[in-house]
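# need coordinates for the following:
(chains A and B)
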Amino acid sequence: MATLTYVPLATQNMSGSSSITFSSIPTGYTDLRLVFSGIATIAGYNPLIRFNGDTGSNYSNTQMYANGSATSAQNYQNRTYCLIDAGGVDTSPNASVYINEIFSYTNSYRKTMLSYAAEDQNNGGAVSLTANLWRGTSAINSITIYLNSGTFSTNTVATLWGI
Amino acid sequence: MANPTMTLIASQTLSTSASSITFSSIPQTYFDLRIFSSVRETGTAQQDSMFLTLNSDGGSNYSSTNMNSAAGGATVTSTHQTNATFVNLINASQGTGYTANGFAICETYIGNYTSTSAKGIFTFATTFNNAYPNNGGLIASVYRNSSGITTINLAPGASSFATYSSFYLYGIKNS
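This next block holds a predicted model:
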C-alpha cells in the first residue's frame, strides 16, 4: 500500500487563547505544514510564530502584500519572530486563513517557512506571501503561534501536518 | 494506521462547454476543502475571472482582496470586492485571446468549511500564454455565512467553460 505523505500530527482549538504551542514534534517527516483559520477578539493584530521557544533575534522576514489599493514589499532583519501576514486577524463576521509551509525542519542549517495569508475584511484587509528564515541549527520540535493583544475567537483551529 | 487526509471528493472534466459547474452534497466530514481547476473559456477574452458561489447563496455575503499582476507582470495592482454576491477569482480563467489549448490554473483553499462562523478562503491563480502577456493573482476572500458549505458553484467570467476544463474537489482531514 502507498505510504501516506500528508499526516496530521496534532490539532488545537485556539478559541480563548492568545498563544498555542505544538510541542514534541516528531522528526520523521521532511517538511511541515501548519494551517489555521479563524477569528480574533481584537482586530488587526498579526499572528506571529516562533520555533523551539526561541525569543532571540534569529528571524528575518521578506514579504509582498496587497491591501486593496496598493501593493508593496518589505524586509525585516534580526527579528524575534516569524511574520506571516500583513493585515492582522479580523473579528467576526470575517475570517482569515493562514497556510505555512516549513521546509526541511530537521536539518542542522537554517530553516525557511513560506507563509500565505488571506485576511479580507470586506473593504479592508490584505493578502500576502511571506518568506521567513529562522537561523536555528536544531530540528524544530515546537511551534508557537501567538497574538500580542487579544485572543483567538470561536471556531479558530490550527492543524500541523507532517509531509 | 493513519487515515488518508487529502481525499478526492469529486471531479468534473467537461466533454462539452458548460455555463457553470457545481459540486453538491459535499460531505461535512472533513475540515478544510481544496479546489483545483484548469479552465478555458469559449469567448475571446485573454485573462479572465472565475466566479465562486457557495451554498447557492446569491446574497451580498462575499468579499475579497486581490493582488493582480496585470499586463504580463509589468504592473501589480490590488482591489477590494465588498458586499459582493460571489467571489471574483481574478486570473483563474482565460479565453481564445490567449495561446490555443492553454488553460488557466487555480487552487482555492477553504478553511474550516463546516464552521458556524464566516469562512476564510485563499486562492492562487495564473493564466497561461506562450507569449506576453501572462498574469497571476492571489485572492483573500471571506464568505459570511454560519452554515457548513455543501455546494460549490464555479462560473467563467464570460461566455462558457470550454471542453476539457477540469475541476477537482478535495477534502482535508485533520485527524
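# and B:Lys119, how far from A:Glu101?
21 Å (C-beta to C-beta, to the nearest Å). Where you see a C-beta, it was placed from the backbone N, CA and C, and this is true even at glycine.
# of these two, which one has the most company?
Each of B:Lys119 and A:Glu101 has its neighbours counted (other C-beta atoms under 10 Å in any protein chain shown); B:Lys119 has more, 27 against 15.
# per-residue confidence for the closest residue in space to the more buried one that isn't next to it in sequence?
Using C-beta to C-beta, 6 or more residues apart in numbering or on different chains and skipping the chain neighbours, the partner closest in space to B:Lys119 is B:Tyr143 (4.6 Å). The score at B:Tyr143 is 98. That number is its pLDDT.
# point out where chain B drops to low pLDDT.
Chain B contains residues with pLDDT under 70 at B:1-4, B:71-73.
# closest approach to chain A from it, which residue is it?
At 2.8 Å from chain A, B:Gly111 is the closest residue in chain B, using C-beta to the nearest C-beta.
# in this structure that residue contacts B:Gly120, no?
Yes: with contact defined as C-beta atoms under 8 Å, B:Gly111 counts as touching B:Gly120 (5.0 Å).
# count of residues packed around the closest residue to B:Ser24 other than its chain neighbours?
Spatial nearest neighbour of B:Ser24, chain neighbours left out: B:Thr151 (4.8 Å); criterion: C-beta to C-beta, 6+ apart. A total of 14 residues lie near B:Thr151 under the criterion other C-beta under 10 Å.
# go on, A:Ser60?
18.
# for the closest residue to chain B within chain A, pull up the helix or strand it's in.
Closest to chain B within chain A is A:Ser37: 2.8 Å, counting by C-beta to the nearest C-beta. Using DSSP states H and E, A:Ser37 sits in strand A:32-38.
# dump that strand to CSV, restricted to CA.
C-alpha atoms of strand A:32-38 as CSV (Å, rounded to 0.1, in the frame of the first residue of the first chain):
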residue,chain,number,x,y,z
LEU,A,32,5.7,20.6,8.0
ARG,A,33,2.5,22.3,7.0
LEU,A,34,0.7,24.5,9.6
VAL,A,35,-2.7,25.7,8.7
PHE,A,36,-5.1,27.7,10.9
SER,A,37,-8.2,29.7,10.1
GLY,A,38,-10.5,31.8,12.2
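# give me the contacts around the helix or strand just after that strand.
Per DSSP H and E, the first helix or strand lying C-terminal to strand A:32-38 is strand A:48-51. Identification of contacts with strand A:48-51 by C-beta atoms under 8 Å, 6 or more residues apart in numbering or on different chains yields A:34, A:59, A:80-84, A:100, A:111, A:113, A:132, A:134, A:136, A:140, A:142-148.
# out of these, which are close to chain B?
For chain B, no contacts are drawn from those by C-beta under 8 Å from any C-beta of the partner chain.
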